[in-house]
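Asks: Sharing a sequence plus its predicted fold:
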Amino acid sequence: LAANKDAPVPVKLFEISDVVLISSEHESGAKNERRLVALYSGKESGFEVIHGVLNRVMQVMGIPVCMEGGSAPGTYGWKQSDDKTFFPDRQAKVYYEGKDIGIFGVIHPDVLKSFDIVYPCSAVEINIEPFCFDQFGNSLLV
């Protein structure tokens with residue numbers, strides 16, 4: 001987003017990429033995880049836009065929503081969270097089959113200020129690895 005500060009608003013960004021995470025379970029001390037990220041920045045926070053992106057991505061993949069926080073097999077959902085990156089009460093953790101796979105919400109003003117971003121932003125980030133398999137259940141990730 002920092003590279004697009006002069007772009008007309010709203011700015012809509014989307015990326016799927018590997019993220020390197022610290023992991024004591026791996027010999028190297030790190031692991032890769034494939035993630036999807038979408039961000040909306042404009043005169044309004046765009047929370048409903050980002051929430052809609054999450055719902056649409058899951059709908060396209062055929063994953064039904066479960067209003068009990070995604071605890072039922074084959075479903076996703078969300079529950080309120082308290083991550084300091086996001087604005088209080090405007091954020092939620094995303095769950096698939098009861099496992100935490102991501103987060104979405106309105107980015108906290110202090111975080112925006114740290115990156116010299118002047119417009120409010122909302123973002124979603126989810127681990128897409130649980131959904132990367134073929135019709136036979138084989139992983140599509142190498």
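Replies: Perfect, thanks for sending it.
Asks: neighbours around the nearest residue to residue 11 once chain neighbours are set aside, how many?
Replies: Distance criterion Cβ to Cβ, 6 or more residues apart in numbering; nearest residue to residue 11, sequence neighbours excluded, is residue 41 at 4.4 Å. The C-beta positions use only the backbone N, C-alpha and C, and glycine is treated the same way. Residues near residue 41, counting by other Cβ atoms under 10 Å, number 25.
Asks: Please apply the same query to residue 89.
Replies: Residues near residue 89, counting by other Cβ under 10 Å: 11.
Asks: That one in helix, strand or coil?
Replies: On the three-state scheme (DSSP: H, G, I helix; E, B strand; the rest coil), residue 89 is labelled strand.
Asks: pLDDT score for the spatially closest residue to it that is not a sequence neighbour?
Replies: Of all residues not flanking residue 89 in the chain, residue 80 sits nearest, at 7.3 Å (Cβ to Cβ, 6+ apart). On pLDDT, residue 80 comes in at 95.
Asks: Residue 80 and residue 30, how far apart?
Replies: When distance is defined by Cβ to Cβ, to the nearest Å, residue 80 is 30 Å away from residue 30.
Asks: Also residue 17?
Replies: Separation of residue 17 from residue 30 (Cβ to Cβ): 15 Å.
Asks: what's the answer for residue 54, then?
Replies: The gap separating residue 54 from residue 30 is 27 Å, by Cβ to Cβ.
Asks: Would you mind giving both backbone torsions of the residue of the chain positioned farthest from its centre?
Replies: Taking Cα atoms, centre = their mean, the residue of the chain most remote from its mean C-alpha position is residue 27, at 27.4 Å. Dihedral pair for residue 27: phi -60, psi -40, per degrees, to the nearest 10.
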